[in-house]
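**Q** sharing a sequence plus its predicted fold:
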Amino acid sequence: TDPFALDFSTTPSPERRAAAEREEILADPGFGKHFTDHMATVEWTIDDGWHDASVHPYGPLSLDPSASVLHYAQEIFEGMKAYRHADGSIWSFRPDANARRFARSARRLALPELPESVFVESIRQLVTADQDWVPSAPETSLYLRPFMIATEAFLGVRAAHAVQYHCIASPAGAYFTSGPEPVSIWLSTQYARAARGGTGAAKTGGNYAASLLPQQEAYEHGCQQVMFLDSEKGEYLEELGGMNVVLVRSDGTLVTPDSDSILEGITRDSILQLALDRGLRVERRAVSLAEWRDGVADGTITEAFACGTAAVVTPIAELRGDGFTIGSPTTGAGELTMSLREELTDIQYGRRPDPHGWMVRL
Ligand code: PLP
Ligand code: COI
């Protein structure tokens with residue numbers, strides 16, 4: 001028996017949306033706009049640890065205005081998806097990896113670690129309550145957003161003594177409205193996302209807050225995402241606002257930044273594993289902007305893609321900055337990029353065997 005196991009109580013929502021309304025939302029869910037009828041919650045206090053696990057109606061949180069999350073941003077989150085297979089069953093992808101990353105993020109933000117079993121159980125309980133919200137159209141899923149916030153009413157700057165964990169769910173189609181079409185990326189030279197010794201490797205709101213202004217700049221330049229470079233020298237690739245980046249060499253080698261100030265993506269790790277399974281080479285190391293530029297110019301770098309839970313695998317057409325371009329807006333999707341995308345999504349949607357045991361039935 002699991003010493004950390006918690007029993008989730010369930011309070012069904014009295015205001016469940018009617019089937020017709022739900023079906024209308026599921027027909028065109030977009031990304032992050034609609035939420036299901038329930039949410040999961042677990043409370044923590046320094047004296048009692050984790051307790052009071054529940055699934056209850058989705059709705060506003062009541063927070064004291066002095067709650068530390070509102071002032072000092074002591075919070076973390078995760079992003080994952082539940083997939084409906086052709087036989088109607090519902091599966092998640094490597095939830096144990098998200099649980100471990102959530103625990104690493106918690107440590108960095110001085111938050112309590114939620115046991116892996118409770119994290120996975122919260123998802124199972126929520127998805128069970130809201131199973132009708134898992135769409136079945138191609139490329140759709142139920143996006144799950146676990147998060148933890150410091151709720152103690154106290155303005156002193158120290159780790160909070162009261163915390164809440166919640167998980168909400170949102171039916172999702174493609175993150176980019178263009179679907180898997182190649183995207184344009186804006187190179188931010190003025191702003192960094194994270195610094196050495198900072199919180200870049202943790203999935204915490206502050207990193208995303210720091211990315212919003214450069215992301216706005218990207219939109220103003222007609223680009224869908226922003227690329228960040230290392231904060232020290234401004235020479236090495238880090239990642240995009242909400243995705244990792246991978247370059248493909250002409251011999252099929254995948255090259256991707258290794259840095260302790262980026263988020264270790266589970267999608268990227270999985271794609272790299274699928275490439276290794278094919279006998280391709282994988283290099284995780286510092287990758288300079290100059291290497292990408294010169295590689296595209298001399299034909300040794302032939303493809304680039306963004307990857308993440310929301311983005312899945314999205315080809316990169318071009319990287320553009322002030323007086324600087326790599327590629328062009330008309331660059332087509334790379335062949336290896338699209339074939340790795342297909343292999344990954346086939347596993348996630350149960351269309352091909354899962355040799356690494358990544359899928360967990362909910
Ligand atoms: N990098 C950032 C900044 C992200 O927000 C994400 C998305 O979660 C990723 C990378 C990719 O991580 P994953 O593949 O685990 O979703
Ligand atoms: C995810 O992919 O889960 C993220 O958190 C990134 C964001 C672009 C939604």
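**A** Ah, there it is. Numbering: from 1, shown residues only. Ligands and ions are numbered 1, 2, ... in the order given.
**Q** got the phi and psi for the residue of the stretch 101-250 of the chain found nearest ligand 1?
**A** With Cβ to the nearest ligand atom as the measure, Gly242 is the residue of the stretch 101-250 of the chain nearest to ligand 1, at 3.9 Å. Where C-beta positions appear, they are placed from N, C-alpha and C, glycine not excepted. Note on Gly242: backbone dihedrals following degrees, to the nearest 10 are phi -140, psi 30.
**Q** pLDDT at it, what is it?
**A** pLDDT for Gly242: 95.
**Q** and if you look at Phe77?
**A** So Phe77 comes in at 98 (pLDDT).
**Q** bridging residues for it?
**A** Phe147 (DSSP bridges).
**Q** excluding chain neighbours, what is closest to His34?
**A** Of all residues not flanking His34 in the chain, Ile25 sits nearest, at 4.8 Å (Cβ to Cβ, 6 or more residues apart in numbering).
**Q** secondary structure element holding that neighbour?
**A** Secondary structure from DSSP states H and E places Ile25 in helix 19-27.
**Q** need the next SSE after that helix, C-terminal direction.
**A** strand 38-45.
**Q** the residue of the stretch 101-250 of the chain closest to ligand 1 contacts Thr309, doesn't it?
**A** No. When contacts are counted by Cβ atoms under 8 Å, Gly242 is not listed as touching Thr309 (9.1 Å).
**Q** output stretch 18-38 as PDB, nothing but the C-alphas.
**A** Written as PDB, here are the backbone C-alpha positions of stretch 18-38 (Å, rounded to 0.1, in the frame of the first residue of the first chain):
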ATOM      1  CA  ALA A  18     -26.100  19.900 -21.300                       C
ATOM      2  CA  ALA A  19     -24.800  17.300 -23.800                       C
ATOM      3  CA  ALA A  20     -25.700  19.600 -26.700                       C
ATOM      4  CA  GLU A  21     -23.600  22.500 -25.300                       C
ATOM      5  CA  ARG A  22     -20.700  20.200 -24.600                       C
ATOM      6  CA  GLU A  23     -20.800  18.700 -28.100                       C
ATOM      7  CA  GLU A  24     -20.800  22.200 -29.600                       C
ATOM      8  CA  ILE A  25     -17.700  23.100 -27.700                       C
ATOM      9  CA  LEU A  26     -16.000  19.700 -28.500                       C
ATOM     10  CA  ALA A  27     -16.600  20.200 -32.200                       C
ATOM     11  CA  ASP A  28     -14.300  23.200 -32.200                       C
ATOM     12  CA  PRO A  29     -12.500  23.500 -28.900                       C
ATOM     13  CA  GLY A  30      -9.600  25.800 -29.800                       C
ATOM     14  CA  PHE A  31      -7.000  26.000 -27.000                       C
ATOM     15  CA  GLY A  32      -7.500  26.900 -23.400                       C
ATOM     16  CA  LYS A  33     -10.900  28.600 -23.800                       C
ATOM     17  CA  HIS A  34     -13.400  26.100 -22.400                       C
ATOM     18  CA  PHE A  35     -13.200  24.200 -19.100                       C
ATOM     19  CA  THR A  36     -15.000  21.000 -18.000                       C
ATOM     20  CA  ASP A  37     -17.600  20.700 -15.200                       C
ATOM     21  CA  HIS A  38     -15.200  19.600 -12.400                       C
END
